[in-house]
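Visitor: Provided below for reference: sequence and predicted model.
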Amino acid sequence: MCSSNTLTLSLMESHITVPSHHEKAETEPTEFEKNQKRYQDLIATFPHTKGWRMKGPMIEYGGCWFIQLLLEGCLHAQEFFQARSFDLLICSSLKTGTTWLKALTFAIINRSRFENISNPLLKRNPHELVLYIENEFAFFPQVDALKDEGNTLFSTHIPHGLLPNSVAKSGCKMVYIWRDPKDTFISMWTFLQKQWLDYGPLITLEESFDMFCRGVSLYGPYLDHVLGYWKAYQENPDKILFLKYETVRADPLPYVKRLAQFMGYGFTAEEEKEGVVEKVVNLCSFETLKNLEVNEGDKIREDIPYVHYSNSAYFRKGMVGDWHNHLTPEMAARIDGLMHEKFKGSGLLEHDQ
């Protein structure tokens, strides 16, 4: 189970403001560069093992696994991200419905600001509109949305036990989404074929699957990631909404209404009568987003043009049960057995959300 590493205490002893990249001094390192060097020196002391790519190891921190770049971002978020009571944090592991959930939350909050035809979701990828606290905050200080104090939507893949202390102290709400681990693995493996190419070729599906089952995957172990947020939800159900991708995908309308209510943006009776819920669902559907010009072909994020993978990478199939096309019955049985053993007695397998 992931838990906060005591080594992070050394990072919390002094609060250093990270300047804009425009303020970089010519002769000595910026505060950002000094912080990055501290993280890199600390990370060098953590356990390393072979990763899913031929180059670049996986690094263990707090019982979880990262690559160098993402772990630097996680440490930065732990030190600097300041959650507020009115913020909403979209939480998930990789490839469990994050892009869809970002689109839904953004559309719900902003439905009175934009007509459907002018909604930013039609022109920008959802990841540009709801930012990761461990990525954009650490590495892209030029992103305009980070400077907007009115922005209340953020996201993270960080396991619950490693979230910044400010998240718990603020009492902000969180929405967590999880997915069948078989489909999660396949979606992750195919997605990583288009990402982080500097780390070399991806290892075989069979090798990656074995590592996934052993818990060695980005932000993993995956089952511990799910269980950590599930336990937090059980302890504080008023502050965490716990969703399952397959259940929401099968019948999105009631869950979108519940999501809006949880967020404090519930639909009025008049809105429901006018079909506003259906409009949000349709706007944010996989089919709608996948076929937008901004999410087709080789187009990349407009706010971070040096990201090396396309927006289309986030829209592969979005279907339930695609694992049947990739995993053998023996592989499926292995991962199902691990899931039932891990979740046994937790009440999670009986939860219909």
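Guide: Okay, I see it. Residues are numbered from 1 along each chain as shown.

Visitor: which residues sit in contact with the nearest residue to C74 once chain neighbours are set aside?
Guide: Excluding the flanking residues, the one nearest C74 by Cβ to Cβ, 6 or more residues apart in numbering is E134, at 4.9 Å. In this view, the C-beta of every residue, glycine as well, is placed from N, C-alpha and C. Contacts for E134 (Cβ atoms under 8 Å, 6 or more residues apart in numbering) come out as L70, G73, C74, H76, A77, T156, H157, I158.

Visitor: okay, now the last one: neighbour count?
Guide: Right, the one you point to is I158. Neighbour count of I158, defined by other Cβ atoms under 10 Å: 28.

Visitor: Am I right that it is in contact with Y219?
Guide: Yes. Counting by Cβ atoms under 8 Å, I158 does reach Y219; the two are 7.0 Å apart.

Visitor: V175 - how many residues pack around it?
Guide: Around V175 there are 21 residues (other Cβ under 10 Å).

Visitor: Helix or strand: which one has it?
Guide: Under the criterion of DSSP states H and E, V175 resides in strand 173-178.

Visitor: What's the first helix or strand after that strand?
Guide: Heading C-terminal from strand 173-178 (DSSP H and E), you reach helix 181-192.

Visitor: Pretty sure G220 sits in a strand.
Guide: No. Per DSSP: H, G, I helix; E, B strand; the rest coil, G220 lies outside any strand segment and is coil.

Visitor: pretty sure it contacts G63?
Guide: No. Using Cβ under 8 Å, G220 is not in contact with G63; the gap is 9.9 Å.

Visitor: Of those two, give the one with the bigger neighbour count.
Guide: Applying other Cβ under 10 Å to G220 and G63 shows that G220 carries more neighbours, namely 24 against 17.

Visitor: and the closest residue in space to that one that isn't next to it in sequence, backbone torsions?
Guide: Nearest residue to G220 in three dimensions, chain neighbours excluded: W65, at 5.4 Å (Cβ to Cβ, 6+ apart). Note on W65: backbone dihedrals following degrees, to the nearest 10 are phi -120, psi 140.

Visitor: for W65, what are its contacts?
Guide: Listed by Cβ under 8 Å, 6+ apart, the contact set of W65 reads M58, I59, G215, V216, S217, L218, Y219, G220, P221.

Visitor: now those residues as CSV including pLDDT and distance to L227?
Guide: Formatted as CSV, the contacts of W65 follow (pLDDT from 0 to 100; distance: Cβ to Cβ, whole Å):
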residue, pLDDT, distance to L227
M58, 93, 20
I59, 97, 22
G215, 97, 12
V216, 96, 17
S217, 95, 15
L218, 93, 17
Y219, 96, 13
G220, 94, 12
P221, 98, 9
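
Visitor: Compare those residues and tell me which is most surrounded.
Guide: Top of those by neighbour count (other Cβ under 10 Å): S217, with 27 neighbours.

Visitor: Assign that residue to helix, strand or coil.
Guide: Three-state call for S217 (three-state DSSP): coil.

Visitor: how far away is it from R249?
Guide: Distance from S217 to R249, counting by Cβ to Cβ, to the nearest Å: 22 Å.

Visitor: L71 now?
Guide: Taking Cβ to Cβ as the measure, L71 falls 31 Å from R249.

Visitor: cool, and V276?
Guide: Distance, V276 to R249, using Cβ to Cβ: 20 Å.

Visitor: Please apply the same query to R111.
Guide: Relative to R249, R111 is positioned 21 Å away (Cβ to Cβ).

Visitor: Show me what the strand holding V175 is packed up against.
Guide: Contacts defined by 3 or more Cβ pairs under 8 Å, 6 or more residues apart in numbering; DSSP states H and E place strand 173-178 against strand 88-92, helix 98-109, helix 222-235, strand 240-244, helix 245-250, helix 252-263.

Visitor: How confident was the prediction at the nearest residue to E72 once chain neighbours are set aside?
Guide: Spatially, and ignoring its direct neighbours in sequence, E72 is nearest to Y39 (4.6 Å; Cβ to Cβ, 6+ apart). Looking at Y39, its pLDDT reads 95.
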